[in-house]
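Student: let me see the structure of the following:
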Amino acid sequence: MSINSYTVFDVETANRQRESICSIGYIRVENNNIIESKEILINPETDFDNFNIRVHGITPQMVAFERTFPEVWEEIKPYFSNTVLVAHNAKSMDLCALTRMLERYNLEIPYNNYVCTLELARKLYTKEDVGAYKLNVLCHKFNIPLEHHHKALDDARACYGLFNHFITVDANLTPSPYIPNLRCDESCDAPRRLFNYSEKTLAMQELQVIVTDIINDSSITVEEANSLLDWMNAHSELEGFYPYDKIFNLIDDILSDGVIEKDEEQELLELLDAYINPQTTKSKVNVNNKVVCLSGEFDYGSKSEVEQFFISKGAKISKSVTKKIDILVLGEAGNTAWKYGNYGTKYEKAQQYNEKGANILVYKENDIIGYLGDKVDIDEQITALCDELTEEFELTPNRVAYYKSTSKKGENVGNIVSLFVQIIEMEYPDVKAISSTTSVLRIPADNVSEINISSRALHDFLLKEGIEKYATVIVNEGKNNEFISSRILFSEINDFYFDFIKKAVVFALKNYSSANSKFGCCSRFKDCSNQGKCIHPNKLYATVCEYKKHLENGNAFYKE
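Tutor: Reported below is the predicted structural model:
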């Protein structure tokens, strides 16, 4: 989709509450031309946190006589209404802040689509590709100018540069509708702050600012490490606060010889980044009978709606973090009360328990709900499973394949009718012809919760594995009660569903019987004879080679 007219913007806030915008920078693009770029200071009519002042440099004195948000909104409203808005970390920060300011002042919230350059970066690049998904790190990676990070207009310009870079990578970017997260409590109208942090919490927030400045360029000098260690020595009262002890001990150990080696620098960068950005789990999880705790506000709905979602999946809900919980879920919309910006006390406690031997898994909302919900990407999951088993069994690529069958005739010609997982034999990696194909299982395209098995041996194996505990099994029999196939019916697409597929494919691989020539699996048997061993790179193919067995017994029928 071509996006020709849009507004790129960035906001800075006076404190941890999103509804405290003190600066907004924006670039308006129409028909691919910039028609206006501007930065406006705003009197947020609320208190400033020292933490925020250190980040962006805006003080209460600087905005005391500036316009309030409703006055500024009258000026910028045409560029922020019924259009595409572009921002970095849009939903959790900039769009959230904008809509909550509108809500706070009882102003109409316009309909907009949005594009998030953070989401695009995650979609287009792995973390290994870019190092991190932060604005300044991405700009450094792609040579996009960023003069003063956390100055609203400079950040908006950087975001504009990123957006245009991503368009060159994926020209079919499609904006998403933005649904405002308006669960703002009654205090939003009040001009004063709600949170009076302790001195230790304020010191930890100051530590966050120091750490953020150090890791911005993805490198750490000896001088920076020594400066950080000096600060930590001067704040020894923070001992016991996550992750003060861990950071202090690592820096102290690294600096013992006065030199920071490359591997030491990487280890320290990862630890400091984990302090600023919550480290979350990406793997699949079964929440049945697990204790789940929620933190923050959720794009999915209210916290009670999210609780009911997990309860429907068999989970138990805990209101607080204890060492007995199994999973902590962080809401994508964050929380104005999170004292560390990206996370709050619950995440902090979970990490403290984990460091003492607990195993609390931390998930972001979309990572776990997207998997457990109805929008599971089956194609992606099964393809990943096939790739995993290809590597595990040391097969050449695409020997375990996910295949979609289409209708060849009638009014549905070209439509996908079945999904297959197959084992495919090729004589040799450089031979294009398929030697044989064995279908492990079939999934009807119109009912993906059903899996069809045609192998009696596989069917019996899966029954022994207890498939009937979590799925309904229907056997199709012939006239004389002989087994023809079985249908495995799942009530939902969940962990059991994909575990079932994996077990079926592993069984088929371990019990595979080649349909090829019993003299030699492939046409290279002369090469094998000359070397006195099987040289086929595909372990599956080589396993069923009769000629290989003769070679292992010292019997070669051909030698040059």
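
Student: now the helices for the stretch 201-350 of the chain?
Tutor: Ranges of helices in the stretch 201-350 of the chain, per DSSP state H, counting those that start in this stretch, are 222-234, 244-254, 262-276, 303-312, 345-355.

Student: ok, of those, where does mean pLDDT dip lowest?
Tutor: With a mean of 80, helix 303-312 has the lowest mean pLDDT of the helices of the stretch 201-350 of the chain.

Student: dump the helices of the stretch 201-350 of the chain to JSON lines, plus distance to Leu361.
Tutor: Using the backbone N, CA and C atoms, a C-beta is placed for each residue, glycine as well. Below are these laid out as JSON lines (distance: least, C-beta to C-beta, whole Å):
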{"stretch": "helix 222-234", "distance to Leu361": "29"}
{"stretch": "helix 244-254", "distance to Leu361": "19"}
{"stretch": "helix 262-276", "distance to Leu361": "15"}
{"stretch": "helix 303-312", "distance to Leu361": "13"}
{"stretch": "helix 345-355", "distance to Leu361": "9"}
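
Student: of all these, which one is nearest Pro397?
Tutor: For Pro397, the closest of the helices of the stretch 201-350 of the chain is helix 262-276, at 30.5 Å, according to C-beta to C-beta.

Student: hey, C-alpha coordinates of the closest one in CSV?
Tutor: Output of helix 262-276 as CSV, limited to C-alpha atoms (Å, rounded to 0.1, in the frame of the first residue of the first chain):
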residue,chain,number,x,y,z
LYS,A,262,35.2,-7.5,23.9
ASP,A,263,33.4,-10.4,25.5
GLU,A,264,33.2,-8.6,28.8
GLU,A,265,31.8,-5.5,27.1
GLN,A,266,29.1,-7.6,25.4
GLU,A,267,28.1,-9.3,28.7
LEU,A,268,27.9,-5.9,30.4
LEU,A,269,25.9,-4.4,27.6
GLU,A,270,23.4,-7.2,27.7
LEU,A,271,23.0,-6.8,31.5
LEU,A,272,22.5,-3.1,31.3
ASP,A,273,20.1,-3.4,28.4
ALA,A,274,18.1,-5.9,30.5
TYR,A,275,17.8,-3.3,33.2
ILE,A,276,16.3,-0.7,30.9
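
Student: quick one: it to chain centroid distance?
Tutor: 20 Å (C-alpha atoms, centre = their mean, to the nearest Å).

Student: for that helix, give me every contacting residue.
Tutor: Outside of helix 262-276, the residues within contact range by C-beta atoms under 8 Å, 6 or more residues apart in numbering are 132, 207-208, 211-212, 214-215, 218-220, 225, 243, 246-247, 250-251, 254, 260, 342.

Student: relative to helix 244-254, how tilted is it?
Tutor: Calculated by axes from the mean of the first three to the mean of the last three C-alpha atoms, to 10 degrees, helix 262-276 forms an angle of 170 degrees with helix 244-254.

Student: in helix 262-276, which residues are buried?
Tutor: Going by neighbour count (16 or more other C-beta atoms under 10 Å), the buried part of helix 262-276 is 264-265, 268-269, 271-273, 275-276.

Student: stretch 211-229 now?
Tutor: Buried-residue list, stretch 211-229, by 16+ other C-beta under 10 Å: 211-212, 214-216, 218, 220, 224-225, 228-229.

Student: quick one: it to chain centroid distance?
Tutor: On C-alpha atoms, centre = their mean, the centre of stretch 211-229 falls 27 Å from that of its chain.

Student: got the CA coordinates for it in CSV?
Tutor: What follows is stretch 211-229, C-alpha atoms only, in CSV (Å, rounded to 0.1, in the frame of the first residue of the first chain):
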residue,chain,number,x,y,z
VAL,A,211,22.8,3.5,32.1
THR,A,212,20.7,4.7,29.1
ASP,A,213,23.3,7.3,28.3
ILE,A,214,26.1,4.7,28.5
ILE,A,215,24.6,2.1,26.2
ASN,A,216,23.2,4.5,23.7
ASP,A,217,26.1,3.9,21.3
SER,A,218,26.2,0.2,22.0
SER,A,219,29.7,0.4,23.5
ILE,A,220,31.2,0.9,27.0
THR,A,221,34.5,2.6,27.6
VAL,A,222,36.7,2.1,30.7
GLU,A,223,36.0,5.7,31.7
GLU,A,224,32.2,5.1,31.5
ALA,A,225,32.4,1.9,33.5
ASN,A,226,34.5,3.6,36.2
SER,A,227,32.1,6.5,36.4
LEU,A,228,29.2,4.1,36.8
LEU,A,229,31.1,2.1,39.5
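
Student: for the remainder of this discussion, apply numbering that starts at 8.
Tutor: All right, first residue 8 from here; so that's stretch 218-236.

Student: what residues does that stretch touch?
Tutor: Contacts for stretch 218-236 (C-beta under 8 Å, 6+ apart): 62, 138-139, 143-144, 147, 156, 217, 254-255, 258-259, 261-262, 265-267, 272, 275-276, 279-280, 282-283.

Student: ok, the residue nearest to Leu396 when sequence neighbours are not counted - contacts?
Tutor: Using C-beta to C-beta, 6 or more residues apart in numbering and skipping the chain neighbours, the partner closest in space to Leu396 is Val407 (5.2 Å). Residues near Val407 by C-beta under 8 Å, 6+ apart: 393, 396-397, 400, 428-431, 512, 516.

Student: could you redo the last one with a cut-off of 7 Å?
Tutor: Neighbouring residues of Val407 by C-beta atoms under 7 Å, 6 or more residues apart in numbering: 393, 396-397, 430, 512.

Student: and those as CSV, adding distance to Asp333, secondary structure and pLDDT?
Tutor: Shown next, in CSV, are the contacts of Val407 (distance: C-beta to C-beta, whole Å; DSSP: H, G, I helix; E, B strand; the rest coil; pLDDT from 0 to 100):
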residue, distance to Asp333, secondary structure, pLDDT
Cys393, 29, helix, 88
Leu396, 27, helix, 88
Thr397, 31, helix, 85
Ile430, 36, strand, 85
Val512, 28, helix, 91
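
Student: for those residues, which one is nearest Lys84?
Tutor: Of all the contacts of Val407, Cys393 has the smallest distance to Lys84: 51.0 Å, by C-beta to C-beta.

Student: apart from its neighbours in sequence, what residue is nearest that closest one?
Tutor: Per C-beta to C-beta, 6+ apart, closest to Cys393 is Val407, 4.5 Å.

Student: so what pLDDT did the one you found get?
Tutor: Taking Val407 on its own, its pLDDT is 86.

Student: one more: Pro182?
Tutor: 88.

Student: any idea what the residue nearest to Cys393 is bridged to?
Tutor: Ile430 (DSSP bridges).

Student: quick one: it from Ile474, how far?
Tutor: Using C-beta to C-beta, to the nearest Å, Val407 is found at 21 Å from Ile474.

Student: cool, Thr20 as well?
Tutor: Distance from Thr20 to Ile474, by C-beta to C-beta: 53 Å.

Student: quick one, helices of the stretch 358-507 of the chain?
Tutor: 372-379, 385-399, 463-471, 502-517.

Student: counting by contacts, list what the shortest one packs against.
Tutor: Spelled out, it's helix 372-379. Contacts defined by 3 or more C-beta pairs under 7 Å, 6 or more residues apart in numbering; DSSP states H and E place helix 372-379 against strand 334-337.

Student: again, only this time at 6 Å
Tutor: Contacts defined by 3 or more C-beta pairs under 6 Å, 6 or more residues apart in numbering; DSSP states H and E place helix 372-379 against no helix or strand at all.

Student: list the buried residues of it.
Tutor: Under 16+ other C-beta under 10 Å, the buried positions of helix 372-379 are 372-376, 378-379.

Student: quick check, nearest of those to Ser44?
Tutor: The closest of the buried residues of helix 372-379, once distances to Ser44 are taken by C-beta to C-beta, is Asn373, at 31.8 Å.
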